[in-house]
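Visitor: just to be clear, the model below is a prediction. Sequence and coordinates:
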Amino acid sequence: MQNRNKTKVLLCSPYGEKVGGIQRWTGHILNYYNKHETNVELKQFYPNKGGAYQNTSFLARLYLGIKSYLPFLADLQKELKTNQYDVVHFVSSASLSLVRDIISLKIARKRGVKTIVHFRFGRIPELYEKQNWEQKLLHCVINLTDKTVVIDQASYYILNKQGYNNIELLPNPLTPQVAEIIKINSNIEKKDRKIVFAGHVVRTKGVFELVEACKGIENIKLKMIGYVTDDIKGKIKEEAGEDNESWLEIAGEQSFENTIKEMLSAAVFVLPTYTEGFPNVIIESMACGCPIVTTCVGAIPEMLDIENGNNYGICVEPKNVKALEESIQKMLNNREYALECGKNAQRRVNELYSMSIVWNQLEAIWST
């Protein structure tokens, strides 16, 4: 029998597909829910048709989107007709999926269900500056939903400035699994001059700038972790030069545990990405006490408290190879400063982004 003292939530978010930020977020939420007593009844609902990596072509994304969204919309209508929910929580990556979001919201509203749309990207200020087709669709979605959730302060600020009154700010959580892995591997020590990158190995993650910057730094080991195509791998090696095997390792996809262990051993964690929302790898590297060099995009500056000038990490402009190289050199050569950044970041992530703290914020969004 349904417990009507609990808020019944249908979470429309992908899980179990190819690795990505949204899928990992969904996994963290479901894992916490399954292990703890909460004030909600939660059901995850989404087509598991296989996802597309970031370097997938536009036409391929369009095809995959149509192939998965049409059955999803039919199944959503059936699910809401069959079962009673208090809230439907849609997770969105914007772009063409905004069309699906609009139709989904209309289906839920027709059934009289409260709706939440959770934007899992950091380009909202850019879209409102451009005023393009994507922004117009975004506007329609915000006006259709009861609550709009964003993951960074810049998006929260711009949407409130635009006059919307249904905006909520919710950071990504640090999964308890990270703390468990760190505890088990407490004997791992940081290796001098080891640089670690983790993420999809694509151009927009700044991987070519990273390799170019590292070419000018002596006696390093750069390990790149994440999905990579043979084409990109070949181009990176070409950029790195003939002796690249002496300092560069393109490791490909690794298990979550192995990735955390690599972070624990890193002298510096580097993510020179062009665009982000609220990247999990920054949260995870903070938890590992990594000295971090990254870019000032999405929520990263607030995660590392860059504006207040505290030593949690270094942010540079995207595509600025010189600044990237100088910042990596600073972390490698001034170990007292680097270790201070790592310790500060570790303390900050546990104070602000622990799973229990973020879960309580999420429950409040669902219940009000």
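Guide: In hand now; what should we look at? This structure is a prediction, so every number in the text was calculated from the model and none was measured.

Visitor: just the buried positions in stretch 220-240, please.
Guide: Neighbour counts over stretch 220-240 (16 or more other C-beta atoms under 10 Å) mark 220-228, 232, 236, 239-240 as buried. For glycine as for every other residue, the C-beta is placed from the backbone atoms N, C-alpha and C.

Visitor: what lies in contact with it?
Guide: For stretch 220-240, the surrounding residues in contact (C-beta atoms under 8 Å, 6 or more residues apart in numbering) are 18-19, 53, 55, 191, 193-203, 207-208, 210-212, 214-215, 244, 247-254, 259, 262, 332.

Visitor: just how off-centre is whichever helix or strand Asn350 is part of within its chain?
Guide: Secondary structure from DSSP states H and E places Asn350 in helix 335-352. Computed by C-alpha atoms, centre = their mean, to the nearest Å, the chain-centroid distance of helix 335-352 equals 20 Å.

Visitor: try stretch 88-104
Guide: Distance, stretch centre to chain centre, for stretch 88-104: 17 Å (C-alpha atoms, centre = their mean).

Visitor: likewise for stretch 163-178?
Guide: So, by C-alpha atoms, centre = their mean, the centroid of stretch 163-178 is 11 Å from its chain's centroid.

Visitor: before we move on, what about stretch 243-262?
Guide: Taking C-alpha atoms, centre = their mean, the mean C-alpha location of stretch 243-262 is offset from the chain mean by 20 Å.

Visitor: quick one: the strands in this protein, in order.
Guide: 7-12, 40-44, 87-92, 114-119, 147-150, 167-169, 194-198, 221-225, 248-252, 268-271, 292-295, 314-316 (DSSP state E).

Visitor: just send the ones you listed back as JSON lines, with distance to Asn350 and mean pLDDT too.
Guide: Below are the strands of the chain laid out as JSON lines (distance: least, C-beta to C-beta, whole Å; pLDDT from 0 to 100):
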{"stretch": "strand 7-12", "distance to Asn350": "25", "mean pLDDT": "97"}
{"stretch": "strand 40-44", "distance to Asn350": "24", "mean pLDDT": "97"}
{"stretch": "strand 87-92", "distance to Asn350": "25", "mean pLDDT": "96"}
{"stretch": "strand 114-119", "distance to Asn350": "24", "mean pLDDT": "97"}
{"stretch": "strand 147-150", "distance to Asn350": "23", "mean pLDDT": "98"}
{"stretch": "strand 167-169", "distance to Asn350": "20", "mean pLDDT": "97"}
{"stretch": "strand 194-198", "distance to Asn350": "20", "mean pLDDT": "98"}
{"stretch": "strand 221-225", "distance to Asn350": "23", "mean pLDDT": "98"}
{"stretch": "strand 248-252", "distance to Asn350": "28", "mean pLDDT": "97"}
{"stretch": "strand 268-271", "distance to Asn350": "17", "mean pLDDT": "98"}
{"stretch": "strand 292-295", "distance to Asn350": "15", "mean pLDDT": "98"}
{"stretch": "strand 314-316", "distance to Asn350": "21", "mean pLDDT": "97"}
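
Visitor: can you redo those as CSV with distance to Ile107?
Guide: Shown next, in CSV, are the strands of the chain (distance: least, C-beta to C-beta, whole Å):
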stretch, distance to Ile107
strand 7-12, 11
strand 40-44, 16
strand 87-92, 9
strand 114-119, 10
strand 147-150, 17
strand 167-169, 22
strand 194-198, 37
strand 221-225, 39
strand 248-252, 40
strand 268-271, 37
strand 292-295, 38
strand 314-316, 41
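
Visitor: what's the PyMOL syntax to select whichever of the contacts of stretch 220-240 are buried?
Guide: Applying 16+ other C-beta under 10 Å to the contacts of stretch 220-240, the buried members can be selected in PyMOL as follows:
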select buried, resi 53+55+193+194+195+196+197+198+199+200+201+202+207+208+210+211+212+214+215+244+247+248+250+251+259+262+332
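
Visitor: contact partners for the nearest residue to Ala323 once chain neighbours are set aside?
Guide: Excluding the flanking residues, the one nearest Ala323 by C-beta to C-beta, 6 or more residues apart in numbering is Val316, at 4.0 Å. By C-beta under 8 Å, 6+ apart, the residues touching Val316 are Pro272, Val293, Thr294, Thr295, Cys296, Ala323, Leu324, Ser327.
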